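Asker: Sequence first, predicted model second:
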Amino acid sequence: MKCTINDQVVLSQPLEGPLAAHIVSFAQSLSAQGYSLQSLKRQVRIAVCFSRWLKQNSVDVRCVGADHAVGYLRYRARHVRPCRGDLAALKHLIDFLRRGEVIPAEEPPVYRLTSAERCAQEYEQYLREARALARATIINYMPVVRDFLKDCFGDRRVTLARLRASDVVRFVQHRAPSLHPKSAKLLTTALRSFLRYVRYRGDIMLNLAATVPVVANWSMTAIPRAIAANQVRQLLSSIDRHTAMGRRDYAVLLLLARLGLRSSEVAFLELDDIDWNTGRLTVRGNNSQRYELPLSAEVGRAITSYLRHGRPQSASRRIFLRAKAPVTGFRGPGGVGSIVRHSLKRAGINAPSCGAHQFRHGLATEMLRHGASLGEIGELLGHRNPETTKIYTKVDILALRTLAVPWPGGVR
């Protein structure tokens, strides 16, 4: 007796086993996430076989867990040629059942924190609750603090009162030489913050933060690596805008090239961030800063084309979605970086870098060459500190030549 699921998957046998009542809704979930018909069929069929195997082994639905999926795959490998997507398909099924509370959530493994890890957690809580620091800052500080505590105490009990200036200096001297100057600067900044926290707690009386060595990190030592205007034109013209993915990639690249947005700002744009009546775009910048930019007709047309003829149906409010299932917004700036990297490679363009930030530098460079002030450039790029924009004075070679002093020895 045949069984049909959602008019898409035809089975030679009826559904059976503890998961039989949930197979149809699982198929609907896969369809809503944008999986292709071929992928949907494969995942549903392995779910059906898994349910049948659970029945044969007398496993109740409330007892199903990831270990059963592993056991089934071992059984399956002895009878059927395994496919690369089998494990992912069962993971999707287990996650679906957990979200629907059909099976209990996975209990996190019991892990005993070391003394250093407990101390680091207390410091993290202090930064988050007492100092209200940005999440990105906390994420950057914590690895430094963990490494410092491990370096000083290892797996032994942490006794902060025993910290000495020699411990601080030794740690910085050992770690800083192998780091980029900016990373070394971050290391010393995080270490000073932690040592001020230790003194605030009353564990030490001396100001050990003052003993942290200073790492040389001259600002604006490098010249911004900006993609040339002709390369931007070549790249944009190489995009196939007859496909859904091409319309998405074209709109993403225009936002980078014409508005100078950061990759994270593009990735996290939402439908409500565009005011079509006034032609304004609201951008979420660094440190949760929000600022508005004018939406040019060119960029607006590209986004509209993608929304109407390229964006998959989704409940997500993100403007740009993944082209492959599961169809969701980008997890982070890496999705935009991937678009840039693959687009440059397809177009055969030898750009200064493979990253998205070169478009930001390129826009600032072109604005400067066309007479824009540093203030105007900083306002467009969302710079809170005017000093940040000054680095672009280095790329105005013609203006810098007027400042050059003649060589005292004359021409030889």
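Answerer: Alright, I've got the coordinates.
Asker: Looking at residue 296 now. What's its pLDDT?
Answerer: Per-residue pLDDT puts residue 296 at 90.
Asker: Run a quick neighbour tally on it.
Answerer: Using other C-beta atoms under 10 Å, residue 296 has 14 neighbouring residues. Quick note: C-beta positions are derived from backbone N, CA and C, even for glycine.
Asker: Any figure for the gap between the nearest residue to it once chain neighbours are set aside and residue 367?
Answerer: Leaving aside its sequence neighbours, residue 296 sits nearest to residue 258 (C-beta to C-beta, 6 or more residues apart in numbering; 6.1 Å). To residue 367, residue 258 is 11 Å away according to C-beta to C-beta, to the nearest Å.
Asker: what's the distance between stretch 195-213 and the middle of its chain?
Answerer: Centroid separation between stretch 195-213 and its chain, computed with C-alpha atoms, centre = their mean, to the nearest Å, is 34 Å.
Asker: Confirm that residue 292 sits in a helix.
Answerer: No. Counting by DSSP: H, G, I helix; E, B strand; the rest coil, residue 292 is not part of a helix but strand.
Asker: switch to numbering from 129
Answerer: Right, with 129 as the first residue, what we last looked at is residue 420.
Asker: Surely it is in contact with residue 412?
Answerer: No. Using C-beta atoms under 8 Å, residue 420 is not in contact with residue 412; the gap is 11.3 Å.
Asker: Show me where the stretch 129-278 of the chain has its helices.
Answerer: 151-160, 165-184, 194-207, 214-227, 243-253, 263-281 (DSSP state H, counting those that start in this stretch).
Asker: the more surrounded of residue 420 and residue 412?
Answerer: The residue with more neighbours, out of residue 420 and residue 412, is residue 412; 18 against 13, by other C-beta under 10 Å.
Asker: And the more buried one, how close does it get to residue 329?
Answerer: According to C-beta to C-beta, residue 412 and residue 329 sit 35 Å apart.
Asker: Next: residue 460.
Answerer: From residue 460 to residue 329 the distance is 34 Å (C-beta to C-beta).
Asker: Same check on residue 445?
Answerer: Separation of residue 445 from residue 329 (C-beta to C-beta): 42 Å.
Asker: repeat for residue 379
Answerer: From residue 379 across to residue 329, the span is 51 Å (C-beta to C-beta).
Asker: ok, now residue 186?
Answerer: For residue 186 relative to residue 329 (C-beta to C-beta), the value is 56 Å.
Asker: These two: which has the busier surroundings?
Answerer: Between residue 186 and residue 329, counted using other C-beta under 10 Å, the more crowded position is residue 329 (12 against 8).
Asker: show me what contacts the more buried one?
Answerer: Contacts here follow C-beta atoms under 8 Å, 6 or more residues apart in numbering; on that basis residue 329 touches residue 288.
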